[in-house]
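Q: Need a 3D model of the following:
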Amino acid sequence: MKRATITIAVILLSLGHPAGAFDFVTADGNGMGQTVILSNSSASTLLLAPSGGLIDRQWKVDLGAIRTFDLKELDRAFMSAAYRRGSVTCAGGFISFGDDDLYAERTGRLSVAYQYDSVSVGVNCSYMQVGFGGHYPDLNAFSVGLGASYRTKKVFAAFVAEDINSPGLYDHSESILPRYTLYTELIGPGSYSITGRISAQKREKPQLGAGQKIDISSIAAVFWGLSTEPFIYGAGLELIYKRSFITYATSYHPTLGFSHTLSLSFAFGREDSEQP
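A: Numbering: from 1, shown residues only. The predicted model follows:
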């Protein structure tokens, strides 16, 4: 128990954010500097930003697992799903971290977005439960976020404000301060996208991220990226079979080592070619 507690404390400090932050993940985020693809968003991306990345009557589902710094104690599992009907996109997701007999975090998020022409606006709500294996009472927190995005044929941008209600896990605890993030994507003249991210939070240094995703064939894509605060770089591979995707992403922290993400994604419903 002591070893695991120390491990968790060291990791949280090294990542530069307080315990209890409402962090959500994407299949390729570890390999792309935590940037996102806005042009053809995954279900997990739609939990982060209201990008308008689905077509009408389309479902997307993500299932995955993350091993952080090659430590079993820091394993996380995640799942998310998104659906669009008309101008409205709804998404939901869940992340599980830790050991129910020791320390565990369970976080869920729901988001709703409305798209009008090239602009999308949305709101999300998150709920976190922190447990200590029954040794102490569970802690709970509720968070609210807002976002907006703009799309053109080649340029995409989304701005997200998270934790705007400054939630806390218990009375008189230190609040989780609001965090503001700008995501961008530029589609190049070839089969690739260049992505960027700027994230700011009071009392923290700004975090920067950059990435690139390259379609090397109709059935495969590669990607890479880096981020600051702390400095982490990564890469990955995406394999495509019909409307299913297998994604592997890895990142490297100069002190703590490698992290790995493996995920399966699926798309259902209408395809782009069926769009009127």
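
Q: Check which residues of stretch 112-124 are buried.
A: 113, 115, 120, 122, 124 (16 or more other CB atoms under 10 Å). The way it works is simple: take the backbone N, C-alpha and C, and place the C-beta from them, glycine included.

Q: Just the closest of the residues you listed to residue 63, please.
A: residue 124 (20.0 Å; CB to CB).

Q: Can you list the residue ranges for strands in this protein?
A: For the chain, the strands defined by DSSP state E cover 58-67, 76-85, 88-99, 103-116, 119-131, 139-151, 155-162, 179-187, 192-201, 207-217, 220-227, 232-241, 244-253, 257-269.

Q: Walk me through which strands the third one pairs with, and which way each runs.
A: So that's strand 88-99. strand 76-85 (antiparallel), strand 103-116 (antiparallel) (DSSP bridges).

Q: and of the ones you listed, who's closest to residue 23?
A: Nearest to residue 23, of all those, is strand 103-116, at 8.0 Å by CB to CB.

Q: got the angle between that closest one and strand 139-151?
A: 30 degrees (axes from the mean of the first three to the mean of the last three CA atoms, to 10 degrees).

Q: got a list of contacts for strand 103-116?
A: By CB atoms under 8 Å, 6 or more residues apart in numbering, the list of residues contacting strand 103-116 from outside reads 4-5, 8, 22-24, 46-47, 50, 52, 87-98, 120-133, 147.

Q: buried subset of those residues?
A: The buried subset of those - by 16+ other CB under 10 Å - is 4, 8, 22-24, 46-47, 50, 52, 89-93, 95-98, 120, 122, 124, 126-128, 130-132, 147.

Q: re the thing from before, can you put the strands of the chain in JSON lines and add distance to residue 170 and mean pLDDT?
A: Formatted as JSON lines, those follow (distance: least, CB to CB, whole Å; pLDDT from 0 to 100):
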{"stretch": "strand 58-67", "distance to residue 170": "27", "mean pLDDT": "95"}
{"stretch": "strand 76-85", "distance to residue 170": "23", "mean pLDDT": "95"}
{"stretch": "strand 88-99", "distance to residue 170": "18", "mean pLDDT": "92"}
{"stretch": "strand 103-116", "distance to residue 170": "14", "mean pLDDT": "92"}
{"stretch": "strand 119-131", "distance to residue 170": "9", "mean pLDDT": "93"}
{"stretch": "strand 139-151", "distance to residue 170": "5", "mean pLDDT": "94"}
{"stretch": "strand 155-162", "distance to residue 170": "20", "mean pLDDT": "96"}
{"stretch": "strand 179-187", "distance to residue 170": "20", "mean pLDDT": "96"}
{"stretch": "strand 192-201", "distance to residue 170": "21", "mean pLDDT": "95"}
{"stretch": "strand 207-217", "distance to residue 170": "27", "mean pLDDT": "95"}
{"stretch": "strand 220-227", "distance to residue 170": "31", "mean pLDDT": "96"}
{"stretch": "strand 232-241", "distance to residue 170": "31", "mean pLDDT": "95"}
{"stretch": "strand 244-253", "distance to residue 170": "30", "mean pLDDT": "96"}
{"stretch": "strand 257-269", "distance to residue 170": "29", "mean pLDDT": "93"}
